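K.L.:
Sharing a model prediction with you, sequence too.
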Amino acid sequence: MNNVQVGNRGEEIALHFLSKKGYKILEKNFRLRIGEIDIIASKEGCIVFAEVKSRRNLDFGYPCEAVDFRKRKKILLVAKSYIHMKRLYNVDCRFDIIEVYLGEKKVNHIEGAFCE
């Protein structure tokens, strides 16, 4: 499995995981010129912008460690654009990271992983 396949599989697993937890999936791979957000979902009136990081093993560190300052900044910019496009000005939002460990068949959902 190459890196693109690992990422795609991880996103499929994350979508299924969130759906089972009662989240409504609003967007998958929401892309603008400035960047992309893997999953945009909602639950109990809160919009969740989720970054999915998948690993086959921990040779290159924990998945969440790949969401560095530069990546968080891009996610924030895309999220602000999404909020503006959809006119969601008075809605709570949150930024999550979903770690998918393919070798262990495990998902770790880090709610509120970072903020604006």
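P.N.:
That came in fine, so what should we check first?

K.L.:
Now F30: closest residue in space that isn't a chain neighbour?
P.N.:
Distances taken as C-beta to C-beta, 6 or more residues apart in numbering put I37 closest to F30, at 4.8 Å, once the chain neighbours are dropped. C-betas here are computed from N, CA, C, even on glycine.

K.L.:
Just checking: what are the partner strands of the helix or strand harbouring the one you found?
P.N.:
Secondary-structure element containing I37, defined by DSSP states H and E: strand 35-43. With DSSP bridges as the test, strand 35-43 is paired with strand 24-32 (antiparallel), strand 46-55 (antiparallel).

K.L.:
And these: which comes nearest Y89?
P.N.:
Set against Y89 and scored by C-beta to C-beta, the strands paired with strand 35-43 come closest in strand 46-55, at 11.3 Å.

K.L.:
Deepest in the core, which of the strands paired with strand 35-43 is it.
P.N.:
strand 46-55 (a mean of 22; mean count of other C-beta atoms under 10 Å).

K.L.:
what mean pLDDT does that strand have?
P.N.:
The pLDDT scores in strand 46-55 average 96.

K.L.:
Likewise for stretch 14-21?
P.N.:
Mean pLDDT, stretch 14-21: 97.

K.L.:
Now that stretch: buried residues?
P.N.:
Judged by neighbour count using 16 or more other C-beta atoms under 10 Å, the buried positions of stretch 14-21 are A14, L15, F17, L18.

K.L.:
what's stretch 18-32 in contact with?
P.N.:
Around stretch 18-32, the neighbours that count as contacts under C-beta atoms under 8 Å, 6 or more residues apart in numbering are 11, 15, 36-43, 47-48, 50, 78, 81-82, 98, 109.
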